[in-house]
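[1] A structural model of the following input is requested.
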Amino acid sequence: RTPDRPRFVAGSIGPTNRTLSISPDVNNPAFRAISFDALREAYKEQVRGLIDGGCDLLLLETIFDTLGAKAAIVAIQEVFESQIPNPESRPPLMISVTITDRSGRTLSGQTIDAFWVTIAHARPFSVGINCALGARDMRPYLAELARIADCYISCYPNAGLPNAFGQYDEQPADTGAYLRDFAASGFVNIVGGCCGTTPDHIREIAHAVENLPPRGRPRSAPTLSVVGAEPARPNAQYTQFAGLEPLTIRPDSNFQMIGERTNVTGSQRFARLIRAGQYADATAVALEQVRGGANLIDVNMDEGMLDSEQVMTEFLKYIATEPEIARVPTMIDSSKWSVILAGLTCVQGKPVVNSISLKEGEDEFLRKAALVRRYGAGVVVMAFDEQGQASAPASIPPTSSSIRTSSRSRPASRSTMRTRSTSSRRRASSRRRVPA
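    Numbering: from 1, shown residues only. Next up is the predicted model:
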């Protein structure tokens, strides 16, 4: 009836009633009611159904636990890879998070900017906020998301907050006025309504914004840092990681400390506690490092008498429930690739993988780098290739093995990488403060 106004169908991928970041058992912080792999498989089935049904877009929405969203992102990418090999034919992905209350965090504890850092690797068509709050209470978080994201922005709030009977009292004209303000402020590209909204609300919203221009889509940010260059978006040119809160490393940032007392090969006390299964006391070691100033927490469980995969996942799940520790990013440290993969399924922010190299050749390097990116992590690239370890770059000419190794590894992966030579590696505990 109105061909000048085409309609598109978004296939909704909502949250389940299970969380990967919060334990439902108060007596066991590491317990989860579902595994990452089981949730990923459930999402894959749903994604296949939506694609087979002919939807125009995929909408991953009402996200209250970012690790669950990462399971969905991995599922979507795996289905795309198997069913739609041509990237140009894949339906765009919209992502929408739920800010639970006026604390400005998700139910699993992430801030809005940490959430964006965590899911940006998925390169969504849009990112936004929906549910839990009415438009009036959403405004500051939407403004922040619009400031930092380099894709389109969506917003579909509830009709205010529910009353004592679970009903929504906000009138359509009020909802429309709030969303008109968002559009006039340049916050949004896509608007709508969630819980409590009716066809009258949607009609009023459409009328309120029809003569306002959408938010301009920012130009793509550069992949690598250019010191002194003006970023396309705030922090876009800088290295970023995230726990419950983001960590942005700028040229003027101070020395970044990685707490390595949570490493069984580097701390006898921590190793003893882990071998004894005393995770509460082992968690205190991580807490001491954060309180001592560590910007990231390195976790390594490579010890011959341990089931490294099981212990890594147990400990990462344990510290995920401790907000003071979980606020900083995690470095998943292992010489065993299976342990790294297991660790990646337990961290809801953007962690760092330590490490990969070209030692086994470019094909294996590319395979691992692609998986690191798929799970939304940064990565340390060791200066090794098939010919061995590189020399310290400060003492050798530019044609050296370390320059060769670095120049091969950088374009090979689009994940965040910090290439280094093991000959000049420095480990910092949270007890040391080193000036910039």
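
[2] The stretch 101-250 of the chain: strands as residue ranges?
    For the stretch 101-250 of the chain, the strands defined by DSSP state E, counting those that start in this stretch cover 126-134, 152-158, 190-191, 239-242, 246-249.

[3] so what's P398 scoring on pLDDT?
    Listed pLDDT for P398 reads 44.

[4] cool, the one 3 residues further on as well?
    pLDDT, S401: 44.

[5] Settle this for me: A132 is touching Y156, isn't it.
    No. Taking contacts as CB atoms under 8 Å, A132 lies outside contact range of Y156: 11.5 Å. Where you see a C-beta, it was placed from the backbone N, CA and C, and this is true even at glycine.

[6] Spell out for me which residue occupies the centre of this structure.
    T118 (1.6 Å; CA atoms, centre = their mean).

[7] Of the strands of the stretch 101-250 of the chain, which is nearest M312?
    Closest approach to M312 among the strands of the stretch 101-250 of the chain (CB to CB): strand 239-242, 18.4 Å.

[8] Residues contacting that closest one, please?
    Strand 239-242 has contacts (CB atoms under 8 Å, 6 or more residues apart in numbering) with 110, 114-115, 117-118, 225, 246-249, 296, 329, 349-352, 378, 416, 418.

[9] List buried residues within those residues.
    Buried by 16 or more other CB atoms under 10 Å: 110, 114-115, 117-118, 246-247, 249, 296, 329, 349-352, 378, 416, out of the contacts of strand 239-242.

[10] So among those residues, where is pLDDT lowest?
    Looking at pLDDT alone, the buried ones among the contacts of strand 239-242 dip lowest at T416, where the score is 40.

[11] in the helix or strand encompassing A38, what's buried?
    According to DSSP states H and E, A38 maps onto helix 36-52. Using 16+ other CB under 10 Å as the test for burial, helix 36-52 gives 36, 39-40, 42-44, 46-47, 50-51.

[12] repeat for stretch 100-120
    Buried residues in stretch 100-120, counted by 16+ other CB under 10 Å: 100, 105-120.

[13] Can I get that stretch in CSV? Just the C-alpha atoms.
    C-alpha atoms of stretch 100-120 as CSV (Å, rounded to 0.1, in the frame of the first residue of the first chain):
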residue,chain,number,x,y,z
THR,A,100,19.0,-2.3,34.6
ASP,A,101,18.6,0.8,36.7
ARG,A,102,19.9,4.3,37.4
SER,A,103,23.3,2.9,38.3
GLY,A,104,24.0,2.9,34.6
ARG,A,105,25.0,-0.8,34.5
THR,A,106,23.7,-4.0,33.1
LEU,A,107,22.4,-6.7,35.4
SER,A,108,25.9,-8.4,35.2
GLY,A,109,27.6,-5.1,36.2
GLN,A,110,29.0,-3.6,33.0
THR,A,111,28.9,0.1,32.3
ILE,A,112,27.6,1.2,28.9
ASP,A,113,31.1,2.2,27.6
ALA,A,114,32.6,-1.2,28.8
PHE,A,115,29.7,-2.9,27.0
TRP,A,116,30.5,-1.1,23.7
VAL,A,117,34.2,-2.0,24.0
THR,A,118,33.2,-5.6,24.5
ILE,A,119,30.9,-6.0,21.5
ALA,A,120,32.5,-3.6,19.0
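
[14] Show me what counts as buried in stretch 317-328.
    Within stretch 317-328, the residues that count as buried by 16+ other CB under 10 Å are 317-322, 325-328.

[15] I'd like the residues you listed laid out as a markdown table, including distance to Y238.
    Converted to a markdown table, those look like this (distance: CB to CB, whole Å):
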| residue | distance to Y238 |
| --- | --- |
| K317 | 30 |
| Y318 | 30 |
| I319 | 26 |
| A320 | 25 |
| T321 | 29 |
| E322 | 27 |
| I325 | 24 |
| A326 | 22 |
| R327 | 19 |
| V328 | 17 |
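
[16] closest to W337 among those?
    Minimum distance to W337 across the buried residues of stretch 317-328 is 20.0 Å, recorded for K317 (CB to CB).

[17] residue contacts, A132?
    So A132 contacts 98-101, 158 (CB under 8 Å, 6+ apart).

[18] Repeat the analysis, applying 10 Å as the threshold.
    With contact set as CB atoms under 10 Å, 6 or more residues apart in numbering, A132 has these partners: 62, 64, 97-101, 106-107, 138, 157-158, 161, 194-195.

[19] Then A177?
    Residues near A177 by CB under 10 Å, 6+ apart: 135-136, 171, 204-205, 208.

[20] tell me what the helix holding A38 is packed against?
    strand 10-13, strand 57-63, helix 66-83 (3 or more CB pairs under 10 Å, 6 or more residues apart in numbering; DSSP states H and E).
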